[in-house]
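1. sharing a model that was predicted from the sequence below.
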Amino acid sequence: NGVINNHIPIDPTPEVSIAASTSSASEPSTNGEYTVTLSAASASNTIIAYSIGGTATNGTDYNTLSGSLTIAAGSLTGTIPVTVIDDSSGEGSETVILTLDSISSGTATIDTDNDEATVTIADNEDITDPIITGPSGGAGSATSAISVYENQTAVTTMSANEIVSWSITSGDDQTLFSID
């Protein structure tokens, strides 16, 4: 605390920070949580706006988050739960990233060194890879197969000197692929 003219104390402006107090969540029912903290209690409510990012989808992979949190007057913390929604999609682990954006009520400022936190949601579905099959060898007498793995950005080009038929079978995401 500072002092003006040796009589009136000056309190520094409180800062708001965020941390993932439960950073590991998972389907079907292990939830994550953020804790937002004021460095000093305020005499009035402090309303903090936050943005939501990451690879998980708000309202689909977890219950909808509003984008704002109120820390009640006299309190130092508020929490934001990440309530996991168990879906049937095999999607691997996904992230929920919250970033403190602004203070819409109250006199606090955002601690820019601690304004972002991440919760990771682990998936509980098995992910199988699609298999692309078609003829190989002479006159379509045999078949060949290629597996397309998650996050693969390039697939081997296959061609033939005759009319051939290719198909995509197996895999949770086979409907996301096409053959041209």
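-> Everything's here; your move. Numbers count the residues shown, from 1 in each chain.
2. how far away is the closest residue to Ser93 other than its chain neighbours from Gly106?
-> Nearest residue to Ser93, sequence neighbours excluded (Cβ to Cβ, 6 or more residues apart in numbering): Ala122, at 5.1 Å. C-beta: built from backbone N, CA, C; applies to glycine. The gap separating Ala122 from Gly106 is 35 Å, by Cβ to Cβ, to the nearest Å.
3. more neighbours, those two?
-> Gly106 (20 against 13; other Cβ atoms under 10 Å).
4. dump the residue contacts of Ala56.
-> When contacts are counted by Cβ atoms under 8 Å, 6 or more residues apart in numbering, Ala56 touches 62, 94-96, 121.
5. before we move on, what about Thr107?
-> 13-14, 42, 44, 46.
6. sorry, back to before: residues in contact with the residue nearest to Ser93?
-> 24-27, 93.
7. what's the spacing between it and Ser24?
-> As defined by Cβ to Cβ, Ala122 lies at a distance of 7 Å from Ser24.
8. now swap in Thr77 and tell me
-> Thr77 is 20 Å from Ser24, by Cβ to Cβ.
9. low pLDDT regions in the chain?
-> 1-11, 127-180 (pLDDT under 70).
10. recalculate using a threshold of 90.
-> By pLDDT under 90, the low-scoring segments of the chain are 1-13, 87-92, 105-107, 123-180.
11. what does the longest strand along the chain rub up against?
-> Counting residues, the longest strand found in the chain (DSSP state E) is strand 94-105. For strand 94-105, contacts defined as Cβ under 8 Å, 6+ apart pick out 16-18, 32, 34, 36, 44-56, 58, 61-62, 65, 68, 70, 80, 82, 109-110, 115-121, 123.
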